[in-house]
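**Q** sequence plus the predicted model coming up.
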Amino acid sequence: MFQDLNKQQKTAVLTAGHVLLSACPGSGKTRVLATKVGLELDKISNTKKMVVALTFTNRAAEEIKRRLAKIDIDAEKLWAGTIHSFCLEWIIRPYSPYLEEVKNGFVIADEYKCEDLIASLKDQYGFEWWESISTRRNLDGAFSERDPRFRDLLSNYDQMLAGQRLIDFDLILYFSYKLLHQYPKICKSLSNLIHLLAVDEYQDTQELQYAILAKIVSARESTTSLFMVGDEDQAIYGSLGGVAKSLPDISVQFGKISITPLELSGNYRSTQRIIDYYRNYQSRAISIESLAAHAEEAGLLTFNNEIHKDDLPVYIAEIIQHNIAMGVPEHEICVLAPQWPLVIPMGKMLKSRLPDVNFDAVGLSPLMKNKENIWFKVARLFLVPPSPRMYFVRARWTFELIDEFVALGIEILPGVEKKAKVFLRHLNSVTCDEDDGLAHLEHCFGELMERLGIEIAQNSTLKQHWEYFFESTKKRMDDARFDYARDIGSFKKLFSHATGVVVNTCHGVKGEEFHTVIAFGLLHGYVPNWKDDDHLATSKKLLYVICSRAKNHLHLISERGRKTRKGSPYTTTMHLQNVRYPYD
Ligand SMILES: Nc1ncnc2c1ncn2[C@@H]1O[C@H](COP(=O)(O)OP(=O)(O)OP(=O)(O)O)[C@@H](O)[C@H]1O
């Protein structure tokens, strides 16, 4: 288990008690977290305890499970996922009878549904579509949005949610906190159950999230250990309420616990040249030494602030082609921009310009915003075909899905042993020739439910999720701004990772690494976004995250020709402009 770890990493994994591991990019934090989870799973194999790993995205949770499978660790006692999923599954669903707001049932309003509600309210209250309104909550449930102009709109939003028994992602957190706050016995039983609470990317944790974790760790006679991993310099979710708390603050909030601070030095990812370059964007002046085999290679480091936006696709396509010609695998090339409206058209233009190149279409899928919807999870099993490589992953997804059906009060295959196996057998036997992605899924879902003997109309939540899933996906596909592909083949690409050139937002590739990173749209107004409270600090951190994804080649682009809504030209983002560097 430890053979792939250096001394510092091993110490981090073996240190008992609460740990805060803070380290630079590429130092192996994710590797350490996965090994720590594996070690603790091993320890509790004969007990009723479990390990919880909270990750920023579902993809990161999948990655931990994948790594554990690689080192042959049984992950049956691991729960890994986002904090929202954790709250739903472990706090809200089991304890909903205790809370007035949810005791008579509730439906999760997914990202799409919330955006839709807010958009219609903006219309009604005369706000512009692009104005940013936060629905985040404080510990007392009040909205944390500070702009008084939005007060009425938000109170209306609150009523709309309550009227339809909807809970959005912010309410998931608030209701969980409220339950833990009002019922210490819930905190106690969770802490009895959770042996280790591992938190990845702690620097992007929100106030309410810290408060929830603190309630569990500080429960009476708690034996839960905390293992937090992150990098203050990579805190890029400030605009969404993320805060990198200091160790003393965490210690006090979590019940004056003693936390061991640990660090990892060294970077296994990038050339020394790239590291020395991105240190320009560091907020703490720590030195970073490259331990990568290619540490001393010069690689490429370019900056282009002259190219016109209309010439960008040709320019970027040339860089991609050049890399492929040099033997760089497609999935080791990444094209990034700070925002979706820049990323989506670029993905399309590159695809049509380079028809022989594979692109990783994450983000270009219309299903993206329904991840918490139960039908998304059914869709995932239909969109990832059975194969020996995916056998265990699909089996795990099926177990999780069956649990979710049960949580909705739907018994799956009553009286049948090995339910997951039989469920998958039914699912795999469904066939459909329909090429239109949505029609294809609709047919498959219907057919599967028939085989399982489930009447969708009999369960209001299942029905409501069905409506959201199809309505929202259809609406998104009809949105001319995105022009999504409609065929089932493109839908399948959402889950086919690491097969092609990645085109994504800077936030979307958090935690990942590539041989070549091509970042465009590095313009003041995008980096930082006007919305960010602390413009300048966020700008630096975003540049830090972008540059630190690159192993060998880094291409930075601040293109000309883009204009703000008022018609003024966008200019190079300030920190990038200020760095004097001998670019290639
Ligand atoms: N001890 C080690 N020996 C060799 N390679 C390592 C070691 N530890 C980590 N690596 C490699 O270093 C790279 C970065 O590791 P990892 O993704 O865990 O870093 P990270 O600290 O999570 O980075 P970031 O903060 O940027 O997400 C990976 O390719 C990983 O396989």
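**A** Here it is on my side, so go on.
**Q** around the ligand, pick out the residues from the chain.
**A** Residues of the chain lying close to the ligand (CB under 6 Å from any ligand atom) are 4-6, 9, 23, 25-31, 231, 234, 268-269, 511, 513, 548. C-beta here means a position set from N, CA and C on the backbone, and glycine is covered the same way.
**Q** ok, whichever residue of the stretch 201-350 of the chain sits closest to the ligand - contacts?
**A** Nearest residue of the stretch 201-350 of the chain to the ligand, counting by CB to the nearest ligand atom: Tyr268, 3.1 Å away. Applying CB atoms under 8 Å, 6 or more residues apart in numbering, we find Tyr268 in contact with Gly26, Ser27, Gly28, Leu291, Ala292.
**Q** let's see that with 10 Å instead.
**A** Residues in contact with Tyr268 (CB atoms under 10 Å, 6 or more residues apart in numbering) are Asn6, Gly26, Ser27, Gly28, Arg31, Ser290, Leu291, Ala292, Ala293, Ala295, Glu513, Lys551.
**Q** residues near Pro355, how many?
**A** 6 (other CB atoms under 10 Å).
**Q** what's the answer for Ile456, then?
**A** Around Ile456 there are 16 residues (other CB under 10 Å).
**Q** coming back round to it: of the residues of the chain next to the ligand, buried ones?
**A** Buried subset of these (neighbour count, 16 or more other CB atoms under 10 Å): 5-6, 9, 23, 25-31, 231, 234, 268-269, 511, 513, 548.
**Q** return the subset of those lying in strands.
**A** In strands, defined here by DSSP state E, the members of these are Ala23.
**Q** so which of the buried ones among the residues of the chain next to the ligand are in helices?
**A** Those of these mapping onto helices are Gln9, Lys29, Thr30, Arg31, per DSSP state H.
**Q** between the residues you listed, which is nearest Arg476?
**A** Within those, distances to Arg476 taken as CB to CB reach their minimum at Thr30, with 31.1 Å.
**Q** widest-spaced pair of the ones in helices among the buried ones among the residues of the chain next to the ligand?
**A** Gln9 and Thr30 (10.9 Å).
**Q** surely Thr572 meets Val527?
**A** Yes. Using CB atoms under 10 Å, Thr572 makes contact with Val527 at a distance of 9.5 Å.
**Q** overlap in contacts, the two.
**A** Counting by CB under 10 Å, 6+ apart, the residues touching both Thr572 and Val527 are Ser558.
**Q** buried stuff in stretch 283-292?
**A** Of the residues in stretch 283-292, Ile288, Ser290, Leu291, Ala292 count as buried by neighbour count, 16+ other CB under 10 Å.
**Q** and the last one, how far is that from Leu153?
**A** Yep, that's Ala292 we're talking about. 50 Å (CB to CB, to the nearest Å).
**Q** tell me where the model's unsure across this protein.
**A** The model of the chain has pLDDT under 70 over residues 239, 361-366, 368-371, 481-483, 496-498, 528-534.
**Q** tell me where the longest strand sits in the protein.
**A** strand 550-557.
**Q** may I have the phi/psi pair for Leu262?
**A** phi -130, psi 150 (degrees, to the nearest 10).
**Q** who's in contact with it?
**A** With CB under 10 Å, 6+ apart, Leu262 has these contacts: 8-9, 11-13, 15, 19-23, 32, 227, 229.
**Q** ok, the residues you listed vs Ile71, which is closest?
**A** Here the nearest of these to Ile71, counting by CB to CB, is Val13; it sits at 12.1 Å.
**Q** so what touches stretch 353-361?
**A** By CB under 10 Å, 6+ apart, the residues outside stretch 353-361 that reach it are 313-314, 316-318, 320-321, 324, 330-331, 333-335, 347-348, 350-351, 484-485, 490-504.
**Q** restricted to helices, list the residues you listed.
**A** Mapping the contacts of stretch 353-361 onto helices (DSSP H) picks out 313-314, 316-318, 320-321, 324, 347-348, 350-351, 490-492.
**Q** which two in those are spaced the farthest apart?
**A** Glu318 and Phe491 (30.3 Å).
**Q** can you pull the domain assignment for the protein?
**A** Following automatic domain parsing, the chain resolves into domains at 7-89+177-264, 107-164, 272-362+498-578, 368-492.
**Q** can you tell me the distance between the two ends of the second one?
**A** Yep, that's domain 107-164 we're talking about. Using CA to CA, to the nearest Å, the end-to-end distance of domain 107-164 comes to 8 Å.
**Q** what's the neighbour count on Asn358?
**A** Counted with other CB under 10 Å, Asn358 comes out at 14.
**Q** and it, how far from Val517?
**A** For Asn358, the distance to Val517 (CB to CB) stands at 18 Å.
**Q** can you pull the buried residues of the strand or helix carrying Tyr544?
**A** In this assignment (DSSP states H and E), Tyr544 forms part of helix 535-547. Neighbour counts over helix 535-547 (16+ other CB under 10 Å) mark His535, Thr538, Ser539, Lys540, Lys541, Leu542, Leu543, Tyr544, Val545, Ile546, Cys547 as buried.
**Q** identify the farthest-apart pair in these.
**A** Maximum distance among these (CB to CB): 18.8 Å, for His535 and Cys547.
**Q** chain center to stretch 297-310: distance?
**A** Here stretch 297-310 is found 29 Å from its chain centre; the criterion is CA atoms, centre = their mean, to the nearest Å.
**Q** show the end-to-end separation of it, please.
**A** Stretch 297-310 end-to-end distance (CA to CA) = 33 Å.
**Q** helix or strand: which one has the residue located most distally from the centre of the chain?
**A** Distance from the centre of the chain peaks at Gly415, with 37.0 Å (CA atoms, centre = their mean). Assigned by DSSP H and E, Gly415 belongs to no helix or strand.
**Q** measure it to Val422 for me?
**A** 11 Å.
**Q** got it, and Lys113?
**A** Distance of Lys113 to Val422, computed by CB to CB: 33 Å.
**Q** of these two, who's got more company?
**A** Between Lys113 and Val422, counted using other CB under 10 Å, Lys113 has the larger neighbour count: 23 against 16.
**Q** how about the more buried one, what does it touch?
**A** 107, 161, 164, 166, 168, 369-370, 373, 464, 467-468, 471-472 are the contacts of Lys113 under CB under 10 Å, 6+ apart.
**Q** what segments of the stretch 51-200 of the chain are strands?
**A** Ranges of strands in the stretch 51-200 of the chain, per DSSP state E, counting those that start in this stretch, are 78-81, 107-108, 166-167, 194-199.
**Q** do the same with the stretch 201-350 of the chain
**A** 225-230, 259-264, 300-304, 333-337.
**Q** adjacent strands (with direction) for the first one?
**A** Here the strand partners of strand 225-230, with direction, are listed using DSSP bridges: strand 18-23 (parallel), strand 194-199 (parallel).
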